[in-house]
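J.: This is the structure alone, sequence omitted:
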């Protein structure tokens with residue numbers, strides 16, 4: 001009897017335990033995820049603003065002895081015979097159509113910056129115009145854009161004709177050689193200058209016109225030749241600022257009165273005109289007869305003391 005009672009109590013106790021509240025299992029805690037610092041993104045480098053004065057100064061101060069010229073008819077003929085040159089007439093289409101050097105393509109100076117795809121950098125490029133002035137400005141503009149292979153045929157088409165060389169009226173198509181890599185900001189500045197060139201191309205084109213300006217006494221006349229050339233004889237009243245030093249002597253050039261530059265033939269003064277116009281000297285003109293034209297007209301020279 002006692003044994004039966006013990007068994008019954010045991011069964012009762014086990015039943016009560018089974019019906020009791022369940023013990024919640026201890027939750028498993030995941031180890032903390034390590035914090036990974038994000039990889040820093042390097043800042044995008046800011047392109048330095050165009051320092052136009054520095055760019056122009058590098059060009060001017062680096063001009064070589066021959067001033068980027070092809071200075072003789074025979075020299076150009078040899079280059080054309082070799083067949084490794086692109087000859088560019090930067091005059092207007094009507095001038096080109098009336099007669100140009102055989103083989104020349106026509107890219108008027110105002111459109112040069114929009115036609116860089118037609119100008120190779122891996123062979124000589126020779127530009128010319130009527131007297132040398134426009135081609136001088138073109139040479140400066142293209143050199144600034146990285147065309148270190150560009151030269152100006154300084155005898156120009158007048159010199160070619162005077163030498164008895166033939167002209168052609170057959171147009172030559174300019175072929176595309178691909179778009180070059182050029183600083184877009186610099187290209188925009190150069191294009192604004194070229195496309196904005198006025199009808200007279202920033203020139204004082206006659207001896208009498210310069211004499212009138214000098215007589216009025218309201219002009220600064222600048223000889224951009226070398227000091228030894230200036231010492232041997234210059235137009236009376238002219239100051240000497242050699243072309244390579246122009247950007248370092250801007251304090252000597254006013255913007256509130258006419259400034260006229262000249263050289264021997266017009267080429268150096270053409271490059272100077274382009275450089276100064278790009279730097280904001282919209283009052284600068286080139287005396288295109290140059291000192292040779294002044295002398296030919298019988299006008300006096302002054303020698304440095």
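T.: All right, it came through fine. Source: prediction; values computed, not measured.
J.: Not counting its neighbours along the chain, what's nearest residue 270?
T.: Among residues not flanking residue 270 along the chain, residue 136 sits closest, at 2.2 Å (C-beta to C-beta, 6 or more residues apart in numbering). Backbone N, C-alpha and C define where each C-beta goes, glycine included.
J.: which ones are touching residue 138?
T.: Listed by C-beta atoms under 8 Å, 6 or more residues apart in numbering, the contact partners of residue 138 are 88, 90, 109, 112, 127, 129, 150, 152.
J.: Of those residues, just say which sits nearest to residue 215.
T.: residue 129 (29.5 Å; C-beta to C-beta).
J.: got a list of what the nearest residue to that closest one once chain neighbours are set aside touches?
T.: Closest residue to residue 129 apart from its sequence neighbours, by C-beta to C-beta, 6+ apart: residue 135 at 4.4 Å. Contacts for residue 135 (C-beta under 8 Å, 6+ apart) come out as 90, 127-129, 152-154, 156, 267, 270.
J.: Just say helix, strand or coil for residue 88.
T.: Of the three states, residue 88 takes strand under DSSP: H, G, I helix; E, B strand; the rest coil.
J.: Ends of stretch 151-158, what's the gap?
T.: End-to-end distance of stretch 151-158: 17 Å, with C-alpha to C-alpha, to the nearest Å as the criterion.
J.: if we can go back for a sec, per-residue confidence averaged over the helix or strand encompassing the residue nearest to residue 129?
T.: If you go by DSSP states H and E, residue 135 is part of helix 133-144. Confidence over helix 133-144 (mean pLDDT, whole number) is 98.
J.: Just give me how far that helix sits from the chain centre.
T.: Computed by C-alpha atoms, centre = their mean, to the nearest Å, the separation of helix 133-144 from the middle of its chain amounts to 9 Å.
J.: which element follows the lowest-mean-pLDDT helix or strand in the chain toward the C-terminus?
T.: One helix or strand of the chain scores below all others by mean pLDDT, DSSP states H and E: helix 2-19, with a mean of 46. Per DSSP H and E, helix 2-19 leads on to helix 52-61 as the next helix or strand towards the C-terminus.
J.: counting contacts, what elements does that following helix pack onto?
T.: Contacts defined by 3 or more C-beta pairs under 8 Å, 6 or more residues apart in numbering; DSSP states H and E place helix 52-61 against helix 133-144, helix 184-195, helix 267-278.
J.: on that earlier part again, I'd like to know how far the residue nearest to residue 270 sits from residue 154.
T.: Distance of residue 136 to residue 154, given as C-beta to C-beta, to the nearest Å: 8 Å.
J.: quick one: common contacting residues for the two?
T.: With C-beta under 8 Å, 6+ apart, residue 136 and residue 154 have common neighbours 266-267.
J.: Settle it for me: which of the two has more neighbours?
T.: Using other C-beta atoms under 10 Å as the criterion, residue 136 and residue 154 rank with residue 136 on top: 31 against 26.
J.: mind listing the helices in the stretch 201-305 of the chain by residue range?
T.: Per DSSP state H, counting those that start in this stretch, the stretch 201-305 of the chain carries helices over the ranges 207-216, 227-232, 267-278, 290-296.
J.: Relative to residue 269, how far out is the residue nearest to residue 270?
T.: 7 Å.
J.: Which neighbours do the two have in common?
T.: residue 286.
J.: Quick one: end-to-end length of stretch 201-217, please.
T.: With C-alpha to C-alpha as the measure, what separates the two termini of stretch 201-217 is 23 Å.
J.: For that stretch, give me every contacting residue.
T.: Contacts of stretch 201-217 (C-beta under 8 Å, 6+ apart): 109, 133-134, 137, 219, 221, 235-237, 258, 260, 273, 277, 284-289, 293-294, 297, 299.
J.: Let's see that with 6 Å instead.
T.: The contact list for stretch 201-217 (C-beta atoms under 6 Å, 6 or more residues apart in numbering) reads 134, 219, 237, 260, 273, 285-289, 297.
J.: which two in those residues are spaced the farthest apart?
T.: Largest pairwise distance in the contacts of stretch 201-217, by C-beta to C-beta, is 26.4 Å, between 134 and 237.
J.: Could you check which of the two is surrounded by more residues?
T.: residue 134 (30 against 12).
J.: what's the more buried one in contact with, if anything?
T.: Contacts of residue 134 by C-beta under 6 Å, 6+ apart are 90, 109, 201.
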